[in-house]
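Chemist: any chance you can model this:
(one chain, ligands or ions: 1)
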Amino acid sequence: MDLQAEGLSVAQAFDLLRQMWEIRLFEERVYDLLGRNQIKGASHLYAGQEAVAVGAISVLRDDDLITSAHRGHGHCHARGASMAKTEAERTAHYNKMMAELCGRATGYCLGRGGSMHIADVEKGNLGATGIVGGNIPVATGAGLACKLAGKESTVLCFFGEGASNTGNFHESLNMAALWALPVVYIVENNLYGMSVPVGRSTARLDIADRGVAYGIPGEVVDGMDVLAVRRAVAEAVKRARQGEGPSLVECLTYRWYGHSRSDPRTYRTKDEEAAWKARDPIPSYAAGLLEAGVASREELDAVEAQARRAIEEATAFAFASPNPPVEELELNVFAPFQWTRSEIDREHELRRLVRTGGKGTRKIRYWQAIQEALREEMIRDPRVFVMGEDVGLYGGAYGATRGLFEEFGEERVRDTPISEATIGGAAVGAAMAGLRPVAEIMYVDFTPLAMDQIANQGAKNRYMFGGKTIVPMVIRTEGGAGRNIAAHHSQSLEALWTHFPGIYVVMPSTPYDAKGLLKAAIRDDNPVMFIEHKMLYSTEGLVPEEDYIIPYGVADVKREGTDVTLISYSRMVLRALEAAEMLAKEGVSVEVIDLRTLKPLDMETIAVSVKKTGRVVGLTEACKTGSFVSELAMRIQEELFDWLDAPIVRVCAADVPVPMSEPLEDAAIPNVQRIIAGVRQALR
Ligand SMILES: Cc1ncc(C[n+]2csc(CCOP(=O)(O)OP(=O)(O)O)c2C)c(N)n1
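Modeler: Just a heads-up that it's a prediction; the model follows:
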């Protein structure tokens with residue numbers, strides 16, 4: 001071993017050993033505590049693989065980032081330990097890790113994440129994920145943020161060989177190669193994905209070769225040799241810093257324990273285990289230090305003893321720590337982002353202004369409202385950028401990004417590959433790394449392809465990681481029927497998106513609402529699912545000349561009335577208004593509420609109206625079963641039952657996939673006649 005050739009000082013060489021011991025002893029302790037049910041939940045132990053995390057992370061700078069997977073203790077440990085500047089910081093780091101595994105309030109994630117979601121975002125660890133392959137797009141987006149920041153920082157993305165069979169892997173490698181992103185994808189090939197051997201899950205055994213398909217250099221490394229890993233990753237990081245793009249490093253390694261504590265390991269032999277244990281990365285590295293005269297036997301023993309003490313102290317700390325207070329259950333679901341009183345009041349005035357068509361307003365189309373919001377926010381804040389399929393020169397499938405490419409260029413208006421998962425995940429990673437992405441998913445029907453990234457990573461990361469991150473991303477999409485393009489391009493999936501904690505859902509019906517709500521979405525620190533309607537893009541309406549935002553959770557009473565409250569959103573608001581107009585001729589006074597944001601939901605405005613009318617009709621273009629209107633009806637029933645004079649009526653789409661044929665499509669969704677019938681039913 002030649003420390004100089006490895007670029008290591010003696011202290012650094014000792015540190016590698018120390019970190020590997022700490023991970024090993026940490027995992028042994030966790031195994032023991034799991035067996036005694038003192039640690040609950042699932043833990044996927046990293047023992048045996050220490051050389052990968054420690055070797056790879058040892059080449060990072062403080063401004064670099066990592067993302068990790070379900071077997072993530074080693075990554076979290078190595079990152080925290082290598083960034084600790086003092087002994088006290090190191091101690092705090094082990095303590096927080098063990099406390100997190102024990103679900104305590106003092107843990108890194110305040111007990112919200114546990115083993116599978118361990119993260120220390122403040123130290124550039126963007127977190128572990130329980131979804132195999134889920135971190136790969138996030139790393140790709142973080143790489144984009146690093147590249148756009150121009151600071152030569154780099155992202156290490158750790159995952160198992162099983163994850164290299166996911167679409168996320170392939171989408172991400174393609175995108176990273178296209179955009180020359182500074183990401184090092186590190187496959188920890190421990191030969192099994194749960195119980196299935198790599199030979200039965202993976203078409204070609206050298207996963208590193210998969211890089212070739214994308215023009216990414218791939219290398220297979222002995223993952224039991226900390227210095228070999230370090231060398232390979234150092235080379236890859238150097239390429240990344242020089243702007244040469246991503247690399248793929250496959251580390252051959254082995255996990256000492258089963259997949260998780262309950263795994264009996266029947267799929268592998270004792271002989272195989274013994275053969276790998278004979279190549280234990282810790283004693284072999286220690287022997288190298290001894291042979292090279294860098295360390296004495298006593299010094300090596302002292303490293304182990306010190307690590308043992310640190311882990312025991314961390315365990316004691318964790319058990320002495322309190323559980324998170326139950327009253328704080330909802331802490332950090334959303335970032336506390338507040339609009340000022342004056343912004344809220346001004347919006348009320350502006351709403352009146354555009355309704356009366358006063359001075360200081362002008363008429364634009366809905367698509368222009370979206371375009372203007374994007375443009376103004378891109379001018380206001382250099383962190384804002386747009387990406388999605390065909391958003392560039394083409395200007396978006398519905399024209400809402402027209403002209404932005406010409407004005408801001410391809411760096412800030414990015415055409416993406418057709419890779420919905422990685423578009424969503426890249427938005428998450430870029431947002432966590434400091435940017436404000438607005439990602440377009442062409443049709444809401446395609447958002448399920450990105451559901452893991454948006455719902456599991458984007459919406460939950462803040463909560464799971466103890467409130468230490470924000471994910472200020474906007475997913476712009478459009479939905480709804482009306483163009484005879486059938487069941488894969490016409491759905492209304494908003495209820496799906498309201499279901500996930502941690503993401504707002506916005507559905508504007510007018511150009512004024514679209515512009516103000518989108519500007520608010522971009523400025524807000526939380527993820528937003530912003531759903532436009534394909535049949536609204538060419539509609540016209542007034543917007544103020546001045547810069548404005550529309551705060552979330554403020555519904556708009558689009559027509560006042562006294563007999564019945566008709567609540568809707570998006571395109572159906574227009575039909576609701578038509579129905580109200582016709583009913584007015586018969587002497588029925590309908591109040592039309594446009595929710596504008598389904599989440600947060602403005603129950604105050606609803607309450608004022610229901611207390612006045614006592615009757616409610618919920619109107620949506622979505623299929624009836626599980627629609628958002630069903631949730632709305634329940635909320636009203638729970639909170640306003642005493643004021644109701646009649647059962648709540650739902651007017652929804654039929655429970656059918658949206659058909660192509662025009663008369664069938666028309667019949668599938670509510671029309672004015674059905675809305676009128678719904679109102680009459682509420683009045684009975
Ligand atoms: C998307 C997804 N599919 C399946 C699982 C269940 N699961 C958890 S870990 C795992 C094996 C993963 O293998 P690999 O990526 O090689 O990582 P390793 O466990 O070997 O570290 C499986 C099947 C999951 N959590 N997420």
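Chemist: residue of the chain with the smallest distance to the ligand?
Modeler: Nearest residue of the chain to the ligand, counting by C-beta to the nearest ligand atom: G160, 2.2 Å away. For every residue, glycine as well, the C-beta is placed using N, CA and C.
Chemist: measure the residue lying closest to that residue once chain neighbours are set aside to V221 for me?
Modeler: The shortest distance from G160 to any residue that is not its chain neighbour, by C-beta to C-beta, 6 or more residues apart in numbering, is 5.5 Å, and that residue is E188. According to C-beta to C-beta, to the nearest Å, E188 stands 10 Å off from V221.
Chemist: got any residues that touch both of those two?
Modeler: Residues within reach of E188 and of V221 at once, by C-beta atoms under 8 Å, 6 or more residues apart in numbering, are C251.
Chemist: and the two? Which one has more around it.
Modeler: Under the criterion of other C-beta atoms under 10 Å, the comparison of E188 against V221 puts E188 first, with 28 against 25.
Chemist: assign a three-state SS to the more buried one, would you?
Modeler: Three-state call for E188 (DSSP: H, G, I helix; E, B strand; the rest coil): strand.
Chemist: isn't it right up against G223?
Modeler: Yes. At 6.5 Å, E188 and G223 qualify as touching, with contact defined as C-beta atoms under 8 Å.
Chemist: find the residues that touch each one of those two.
Modeler: Contact with both E188 and G223 is made by residues Q49, V52, C251, T253, according to C-beta under 8 Å, 6+ apart.
Chemist: hmm, which two among the residues you listed are most spread apart?
Modeler: In these, two members sit farther apart than any others by C-beta to C-beta. They are Q49 and C251, at 8.0 Å.
Chemist: which neighbours do the two share?
Modeler: In contact with both Q49 and C251: E188, G223, using C-beta under 8 Å, 6+ apart.
Chemist: just give me the residue right at the centre of the protein.
Modeler: G458 (1.6 Å; C-alpha atoms, centre = their mean).
Chemist: what sits against the closest residue to that residue other than its chain neighbours?
Modeler: Ranked by C-beta to C-beta, 6+ apart and with sequence neighbours excluded, the top spatial neighbour of G458 is V428, at 4.2 Å. Listed by C-beta under 8 Å, 6+ apart, the contact set of V428 reads P137, V138, G141, Q453, I454, Q457, G458, N461, V471, M473, P527.
Chemist: verify the stated contact: the fifth one with M529.
Modeler: Yes. Between I454 and M529 a contact is recorded at 7.2 Å, counting by C-beta under 8 Å.
Chemist: overlap in contacts, these two.
Modeler: Common neighbours of I454 and M529 are listed as T447, I475, I503 (criterion: C-beta under 8 Å, 6+ apart).
Chemist: let me see the contact set for the last one.
Modeler: Pointing back at I503 there. By C-beta under 8 Å, 6+ apart, the contact list for I503 reads I454, A455, G458, A459, W497, N526, P527, V528, M529, K599.
Chemist: is it true that the last one touches P501?
Modeler: So that's K599. No. Look at K599 against P501 with C-beta under 8 Å: they stay out of range, at 9.4 Å.
Chemist: more crowded one of those two?
Modeler: Remark: of K599 and P501, K599 carries more neighbours, 24 against 13, as counted by other C-beta under 10 Å.
Chemist: once you drop chain neighbours, what's closest to the more buried one?
Modeler: Sequence neighbours aside, V505 is the residue nearest to K599 in space, at 4.5 Å (criterion: C-beta to C-beta, 6+ apart).
Chemist: what packs against the helix or strand in which that neighbour is found?
Modeler: In this assignment (DSSP states H and E), V505 forms part of strand 504-506. Secondary structure elements in contact with strand 504-506, counted by 3 or more C-beta pairs under 8 Å, 6 or more residues apart in numbering; DSSP states H and E, are helix 494-498, helix 511-523, strand 528-533, strand 597-599.
Chemist: now these in JSON lines, with distance to D2?
Modeler: Compiled in JSON lines, the helices and strands packed on strand 504-506 are given as follows (distance: least, C-beta to C-beta, whole Å):
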{"stretch": "helix 494-498", "distance to D2": "56"}
{"stretch": "helix 511-523", "distance to D2": "53"}
{"stretch": "strand 528-533", "distance to D2": "54"}
{"stretch": "strand 597-599", "distance to D2": "59"}
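Chemist: output the ones you listed in TSV, with mean pLDDT and distance to A240 appended to each entry.
Modeler: Shown next, in TSV, are those (pLDDT from 0 to 100; distance: least, C-beta to C-beta, whole Å):
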stretch	mean pLDDT	distance to A240
helix 494-498	98	35
helix 511-523	98	29
strand 528-533	98	31
strand 597-599	98	38
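Chemist: can you list these in TSV and add distance to the ligand?
Modeler: Converted to TSV, the helices and strands packed on strand 504-506 look like this (distance: least, C-beta to the nearest ligand atom, whole Å):
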stretch	distance to the ligand
helix 494-498	18
helix 511-523	29
strand 528-533	22
strand 597-599	26
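Chemist: so which of those gets nearest E349?
Modeler: Nearest to E349, of those and by C-beta to C-beta, is helix 511-523 at 12.5 Å.
Chemist: hey, what's the angle from the closest one to strand 528-533? Just curious.
Modeler: Compare the direction of helix 511-523 with that of strand 528-533 by axes from the mean of the first three to the mean of the last three C-alpha atoms, to 10 degrees and you get 160 degrees.
Chemist: show me what the lengthiest helix in the chain is packed up against.
Modeler: Ranked by residue count under DSSP state H, the longest helix found in the chain is helix 10-35. Helices and strands touching helix 10-35, by 3+ C-beta pairs under 8 Å, 6+ apart, are helix 3-6, helix 50-57, helix 73-83, helix 87-101, helix 226-241, helix 281-291, helix 297-320.
Chemist: and the last one, what does it pack onto?
Modeler: If contacts are counted by 3+ C-beta pairs under 8 Å, 6+ apart, helix 297-320 sits against helix 10-35, helix 87-101, helix 281-291.
Chemist: show residues contacting that helix.
Modeler: Residues outside helix 297-320 that contact it (C-beta under 8 Å, 6+ apart): 14, 17-18, 21-22, 24-26, 29, 33, 38, 90-91, 94-95, 97-99, 101-102, 104, 106-107, 286, 289-290, 295.
Chemist: what residues does the protein have near the ligand?
Modeler: For the chain, the residues in contact with the ligand (C-beta under 6 Å from any ligand atom) are 44, 70-71, 130-132, 159-163, 190, 192-194, 259.
Chemist: mind doing that once more with 8 Å?
Modeler: Taking C-beta under 8 Å from any ligand atom, the part of the chain that reaches the ligand is made up of 44, 49, 69-71, 130-134, 159-164, 166, 188-194, 196, 198, 255, 259, 452.
Chemist: would you write a ChimeraX line that selects the buried entries of the residues you listed?
Modeler: This is the ChimeraX syntax for the buried subset of these, where burial follows 16 or more other C-beta atoms under 10 Å:
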select :44,49,69,70,71,130,131,132,133,134,159,160,161,162,163,164,166,188,189,190,191,192,193,198,255,259,452
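Chemist: from the residues of the chain next to the ligand, which ones fall inside helices?
Modeler: Using DSSP H, the members of the residues of the chain next to the ligand that fall in helices are V198.
Chemist: from the residues of the chain next to the ligand, which land in strands?
Modeler: Judged by DSSP state E, the residues of the chain next to the ligand include F159, G160, E188, N189, Y192, G193, V196 as members of strands.
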